[in-house]
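> I would like to see how this sequence folds:
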Amino acid sequence: MRRNQRNSRNRKNIIQDDTKKITNILIKIVCILLAVFLIVMVFHIVNNWIKYHSITEQYLETANHVEEDTDGLDDTIQNPNEDTTFHLTAIGDIMCHNTQYMDAYNADTGEYDFSYVFEDIEYYIKNSNITVANLETTFAGEDVGYSNYPRFNTPDALAYNLKKLGVDVISTAGNHSLDYGFDGLSRTIDVLDKADITHVGTYQTQEKRDTIVFKYVKGIKIAFLNYAYGTNGITIPSDKSYCINLIDEELIKKDIETAKSQEADIIVVSVHWGTEYSTVPNDTQNELADFLFQNGVNIILGTHPHVLQKMEKRTVTLEDGSTQDGFIIYSLGNFISDQNADNTRTSIILDLQITKHTDESVTIDNVSYTPIYMYKDSSASTKKMRLLDINKTISLYETGADTSIGENMYTFLKKELKRKFGDVSFWTF
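Sure thing, here's the model as predicted:
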């Protein structure tokens, strides 16, 4: 009996010892597997980080419009013995639907911030010598209520975010300029002034309307003009006819001549024209473009259709028989918006390399662009909207460095890139 009890205890001890050994072995195996898993994960994270930054650096290094001298606007006197080259960047319609400003609202602070929208593309704009944009909303104030189409009113924060992004000049003459009457138009100007963004096309006084807007870049004097086809049927106050520049050839010619008389080196005209959602310029656009070039305009930037239209570089013969370079993009499309019609979310950041030569002539040496897409992440709870650099986004996805857009959006962007920009002859010269 006692012997059986001793044997039973021994067997239990042996089993317990074996169990402890097996447990220890299993714990060691689990620890080893966890260590291997962590090493693999760290390697994966580091590898993706390296890929992400490698691709980012690649795009930054190859960005055609970035120069070593990127101090932007200045009034330095041009060296008369040297050619002077700079880069002008142009972006399209800045719209703001209610979905956009709701997305930019921070409930904790009660403030709006749109800066996250631009993070992927800000490099191209911040590092240009001068950037021009088009405003398709008003800053009429919180008191009248922020609003969506058909009468746009946007939080002031957008203006300050645009300044931080690097926007230097903004055209304000458009079909939505009078959405909140002259008071809304005037307050929009005040907000842009406070944000330190130069504006052209709408005015608070006749004196301001008759004053040509100039900006100096590397000592080169650039005149900016802006005209619109109309105001959506909203009547312009009879005693404030000066408040918005409408398309009028007599007025335009007078302004061009004034700019020339004040020794403008380059004349840039932004025109709010065309047929909404049409990818082809209409007859009015073609006729007005010819008129502008023949009167000495160097660069025409089209806005309003909300979709991209073609661009051209021309050699223009003037009345005196001389020739000069001319460039036109009939429509830059949307920069930011939440429109969903065909072609309204894909656009470009346009870059023009321009040189003023020692003989006073001006040439447009190179035209390049960065395809962008207005992305909306419907699965996110906040910060759904962001502008994507299409080529960079595709590269990051393909290397596994950033797959957050998902396979469907990746496939769409690949098709969009080919559909919009595959025809090289349409976009290059």
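> what ranges do the helices span in the chain?
Under the criterion DSSP state H, helices of the chain are mapped to 2-61, 98-103, 122-126, 157-165, 181-194, 206-209, 249-261, 283-294, 390-399, 406-421, 424-427.
> right, so of those helices, which gets closest to Thr382?
helix 98-103 (6.9 Å; CB to CB). Using the backbone N, CA and C atoms, a C-beta is placed for each residue, glycine as well.
> and Thr315, how many neighbours?
Counted by other CB atoms under 10 Å, the residues lying close to Thr315 total 9.
> tell me who's in contact with it.
Each residue near Thr315 by CB atoms under 8 Å, 6 or more residues apart in numbering is listed here: 323-326.
> let's see that with 7 Å instead.
The contact partners of Thr315, by CB atoms under 7 Å, 6 or more residues apart in numbering, come to 323, 325.
> before we move on, back to that, make CSV from the helices of the chain and add mean neighbour count to it.
As requested, the helices of the chain are arranged in CSV below (neighbours: other CB atoms under 10 Å):
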stretch, mean neighbour count
helix 2-61, 11
helix 98-103, 18
helix 122-126, 20
helix 157-165, 20
helix 181-194, 18
helix 206-209, 13
helix 249-261, 15
helix 283-294, 16
helix 390-399, 20
helix 406-421, 14
helix 424-427, 10
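> among these, which is nearest Lys376?
helix 98-103 (8.1 Å).
> partner residues bridging the closest residue to Leu301 other than its chain neighbours?
Distance criterion CB to CB, 6 or more residues apart in numbering; nearest residue to Leu301, sequence neighbours excluded, is Ser270 at 4.6 Å. Beta-bridge partners for Ser270, by DSSP bridges, are Asn226, Leu301.
> between the helices of the chain, which gets nearest to Pro237?
With CB to CB as the measure, helix 181-194 is the member of the helices of the chain nearest Pro237 (5.4 Å).
> need the contact partners of that closest one.
138-141, 156, 159, 170, 172, 177-178, 199, 202, 204, 237, 240, 243.
> now with 8 Å, please.
In contact with helix 181-194 (CB under 8 Å, 6+ apart) are residues 135, 138-141, 144, 153, 156, 159, 170, 172, 177-178, 180, 198-199, 202-204, 234, 237, 240, 243-244.
> now stretch 106-119
For stretch 106-119, the surrounding residues in contact (CB under 8 Å, 6+ apart) are 100-101, 104-105, 125, 155, 157-158, 161, 164-165, 336, 383, 385-387.
> Leu38: which of those is nearest?
Once CB to CB is applied, the member of the contacts of stretch 106-119 that ends up nearest Leu38 is Lys383, at 30.2 Å.
> quick one: the strands in the stretch 251-400 of the chain, in order.
266-272, 299-303, 311-317, 323-329, 334-336, 346-356, 362-376, 385-389 (DSSP state E, counting those that start in this stretch).
> what subset of the contacts of helix 181-194 is buried?
135, 138-141, 144, 153, 156, 159, 170, 172, 177-178, 180, 198-199, 202-204, 234, 240, 243-244 (16 or more other CB atoms under 10 Å).
> inside strands: which ones of those residues?
Among those, DSSP state E puts 135, 170, 198-199 in strands.
> so what pairs up with Ser347 in the strands?
Beta-bridge partners, per DSSP bridges, of Ser347: Ile372.
> my guess is it meets Ile372, correct?
Yes: counting by CB atoms under 8 Å, Ser347 does reach Ile372; the two are 5.5 Å apart.
> can you pull the residues that touch both of these two?
Phe335.
> any stretches of the chain with poor pLDDT?
For the chain, the stretches flagged by pLDDT under 70 are 1-19, 40-78, 423-429.
> before we move on, the earlier item: what about the residue nearest to Leu301, distance to Gln262?
According to CB to CB, to the nearest Å, Ser270 stands 19 Å off from Gln262.
> these two - which one has more neighbours?
Neighbours around Ser270 and Gln262, counted as other CB under 10 Å, are more numerous at Ser270. The numbers are 28 against 12.
> which residues does the more buried one contact?
Applying CB under 8 Å, 6+ apart, we find Ser270 in contact with 132, 134, 171, 173, 200-201, 224-227, 300-303.
> same question, Tyr397
Here Tyr397 is in contact with 403, 405, 410 (criterion: CB under 8 Å, 6+ apart).
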